[in-house]
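K.L.:
Quick check, what structure comes out for this input:
(4 chains)
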Protein chains: 2
Amino acid sequence: MLISGMATLVDEIPSDTKERLLDVAERLFAEHGFDAVSLRAITAEAGANLAAVNYHFGSKEALIGAVVARLVEPVNRKRLELLDAIKNDGQCDVREIVMAFLDPVLEASARGAGGDNRFFKLMSRCMAARDERVSKLVMRQFPEVVARFVEIICECCPGLSSNTAHLRLLFMAGAMAHSLFHHDKLAIVSQGRCTLPTFEVLREEMVIFLAAGLAAQEVGEYQQR
Amino acid sequence: MLISGMATLVDEIPSDTKERLLDVAERLFAEHGFDAVSLRAITAEAGANLAAVNYHFGSKEALIGAVVARLVEPVNRKRLELLDAIKNDGQCDVREIVMAFLDPVLEASARGAGGDNRFFKLMSRCMAARDERVSKLVMRQFPEVVARFVEIICECCPGLSSNTAHLRLLFMAGAMAHSLFHHDKLAIVSQGRCTLPTFEVLREEMVIFLAAGLAAQEVGEYQQR
DNA sequence: GATCGTTTAAAACAAACGTTTTATTCGAAA
DNA sequence: TTTCGAATAAAACGTTTGTTTTAAACGATC
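P.N.:
Modelled structure (predicted):
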């Protein structure tokens, strides 16, 4: 039997079943949510036995953690790389900040099975998960990204306080997550009056909107702190 | 026994138990999600019997629908009222559009048990619900609001296409929902480097950010359609 | 070729869920 | 007082869930 303490060892031994479980779980979790997807559904679709999840990961929650980590880590790494590239340029364009935050997500989603935006879907589901340990787990992967983006936002937008930069980063993340998650529902709420955007259009419109928001001028009390 | 066809009749007969169930369910659903809250938890906290939910509402899903309708309807009505007030003014300030969308939510949340932002929490949970009927149910309450806001956004921002106005409304809703849902998590991801904003600060910062985004200038292909 | 650790397979477990059924209580109308 | 329908109470039902247990198959090492 395998205990959790051996997780680091197991990671070094690739298992086809393990990867298939991760792939299927990632897709099903993003699309239907953690609670809606049973281990039976995952193992059946992955062609594995029901007990395989508990054998390879220890528990359903641990599987969730593995799925999230595998998806978030490369995205956040790429974000920081893009941020470094901006710094080396010397110039400072707000649009580039927005793209540095957004593009790695779009790239990761496109790499998966066809633009289903698993990243933000999984992020949203994590943040709203019934088990707080899941949300804690994902939030532990963001401090560095947050700090770096706040830093560059403050550099790029003179006069902006750190507090306000944090909030605007929150607004930006929310706008992205929500619109990439629910943009297909525009057809219903607009009653067909809105042309459904392609991902390129959605990206371009987002950059324009968010860059303007990030760079907005203000004079408020909160700003002074 | 009570069948669903008698629902309209029952609505006219106020029942303390029924209202208590709605109150408790609204709070618990918003805080923990639909799946995480059992009927046993709701009825226990409401001081009612387990069977009371199925007796008064027919099913758990019907209870969810009742909770959502009771919360969304007055908010959307207030939004349209504020929009009418703007129109009568004759002037057109983007900030007022943002506030017309946001303030009724804050007001409703404040009216409840202390600024827990049930509205956007419940909205988010509905849009991501495992049962599609729940998301369909809530989206059926938004076409009028969407149409009216798109209309006034187009009036207020000359040169903006209907398509882009729809998208910017989506961005705005996402930024609001996300930040009102998760603003308390800023303490963790910022590692204490961010002063947690009060609701008034959050509101003011949101208005500045979103007004700038809504009014942003652009020249894109999507714009021409 | 036997052996041992790793992996898969199949079955069973206990717990929690939404729902239904059956009894009981209560209050107003006849 | 009697009666009848609405409301509450209590118990049970059938499913589904994550997890555990037990058994079998596989694969490299000695």
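K.L.:
CA only for contacts and neighbour counts going forward, please
P.N.:
OK.
K.L.:
SS state for A:Pro158?
P.N.:
Assigned state for A:Pro158: coil (three-state reduction, DSSP: H, G, I helix; E, B strand; the rest coil).
K.L.:
ok, how many other residues are close to it?
P.N.:
Using other CA atoms under 10 Å in any protein chain shown, A:Pro158 is surrounded by 10 other residues.
K.L.:
Check A:Lys136 too.
P.N.:
A count of nearby residues for A:Lys136, using other CA under 10 Å, gives 16.
K.L.:
so what's it up against?
P.N.:
Not one residue lies near A:Lys136 by CA atoms under 8 Å, 6 or more residues apart in numbering or on different chains.
K.L.:
How about whichever helix or strand A:Thr43 is part of and DNA strand C, touching?
P.N.:
Assigned by DSSP states H and E, A:Thr43 belongs to helix A:39-45. No. Judged by CA under 7 Å from any atom of the strand, helix A:39-45 and DNA strand C are separated, with a smallest distance of 8.7 Å.
K.L.:
ditto for stretch A:121-131
P.N.:
No. Shown here: stretch A:121-131 not in contact with DNA strand C (CA under 7 Å from any atom of the strand), separated by at least 11.3 Å.
K.L.:
quick one: is that stretch near chain B?
P.N.:
Yes. Stretch A:121-131 lies within reach of chain B by CA under 8 Å from any CA of the partner chain, at A:125, A:127-130.
K.L.:
what residue ranges in chain A are flagged as low confidence?
P.N.:
Low-confidence segments of chain A (pLDDT under 70): A:1-15, A:112-115, A:218-225.
K.L.:
Spell out which parts of it neighbour DNA strand D.
P.N.:
Applying CA under 7 Å from any atom of the strand, we find that chain A lies next to DNA strand D at A:35-40, A:50-51, A:54, A:58-61.
K.L.:
Need the max-distance pair from those residues.
P.N.:
For the residues of chain A next to DNA strand D, the maximum inter-member distance is 19.5 Å, found between A:Ala36 and A:Gly58 (CA to CA).
K.L.:
can you narrow the residues of chain A next to DNA strand D to ones near chain B?
P.N.:
Restricting those to those touching chain B (CA under 8 Å from any CA) yields A:35-36.
K.L.:
Can you tell me which of the residues of chain A next to DNA strand D is nearest A:Glu19?
P.N.:
Nearest to A:Glu19 among the residues of chain A next to DNA strand D, counting by CA to CA, is A:Asn54 at 14.1 Å.
K.L.:
Check which helices and strands the helix or strand containing A:Arg203 sits against.
P.N.:
Using DSSP H and E, A:Arg203 falls within helix A:199-214. Secondary-structure packing of helix A:199-214 (3 or more CA pairs under 8 Å, 6 or more residues apart in numbering or on different chains; DSSP states H and E): helix A:94-111, helix A:162-182, helix B:162-182, helix B:199-214.
K.L.:
Switch the ones you listed over to CSV; also include mean neighbour count.
P.N.:
Shown next, in CSV, are these (neighbours: other CA atoms under 10 Å in any protein chain shown):
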stretch, mean neighbour count
helix A:94-111, 19
helix A:162-182, 24
helix B:162-182, 24
helix B:199-214, 22
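K.L.:
right, and those helices - which one's nearest B:Ala110?
P.N.:
Nearest to B:Ala110 among the helices and strands packed on helix A:199-214 is helix B:199-214; the distance by CA to CA comes to 9.9 Å.
K.L.:
What are the contacting residues of that closest one?
P.N.:
Outside helix B:199-214, the residues touching it (CA under 8 Å, 6+ apart) are A:164, A:167-168, A:171, A:208-214, A:216-218, A:222, B:94-95, B:98-99, B:153, B:157, B:165, B:168, B:172, B:176.
K.L.:
Using PDB, list the CA coordinates for that helix.
P.N.:
Taking Å, rounded to 0.1, in the frame of the first residue of the first chain, the C-alpha atoms of helix B:199-214 are listed here in PDB:
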ATOM      1  CA  PHE B 199     -17.000  48.400   1.100                       C
ATOM      2  CA  GLU B 200     -17.100  52.100   0.400                       C
ATOM      3  CA  VAL B 201     -13.500  52.100  -0.800                       C
ATOM      4  CA  LEU B 202     -14.200  49.000  -2.800                       C
ATOM      5  CA  ARG B 203     -17.100  50.600  -4.400                       C
ATOM      6  CA  GLU B 204     -15.300  53.800  -5.200                       C
ATOM      7  CA  GLU B 205     -12.300  52.000  -6.700                       C
ATOM      8  CA  MET B 206     -14.600  49.800  -8.800                       C
ATOM      9  CA  VAL B 207     -16.400  52.800 -10.200                       C
ATOM     10  CA  ILE B 208     -13.200  54.500 -11.200                       C
ATOM     11  CA  PHE B 209     -11.800  51.300 -12.800                       C
ATOM     12  CA  LEU B 210     -14.900  50.300 -14.600                       C
ATOM     13  CA  ALA B 211     -15.900  53.700 -15.800                       C
ATOM     14  CA  ALA B 212     -12.500  54.000 -17.400                       C
ATOM     15  CA  GLY B 213     -12.800  50.600 -19.000                       C
ATOM     16  CA  LEU B 214     -16.300  51.300 -20.300                       C
END
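K.L.:
That one: how far from the chain's middle?
P.N.:
In this view, helix B:199-214 has its centroid 17 Å away from the chain centroid, taken as CA atoms, centre = their mean, to the nearest Å.
K.L.:
What of stretch A:175-183?
P.N.:
The answer for stretch A:175-183 is 11 Å, by CA atoms, centre = their mean.
K.L.:
longest helix anywhere in chain A?
P.N.:
helix A:60-89 (DSSP state H).
K.L.:
related to what we said a few turns ago, could you say what helices and strands the helix holding A:Thr43 packs with?
P.N.:
Using 3+ CA pairs under 8 Å, 6+ apart: helix A:39-45 touches helix A:16-32, helix A:52-56.
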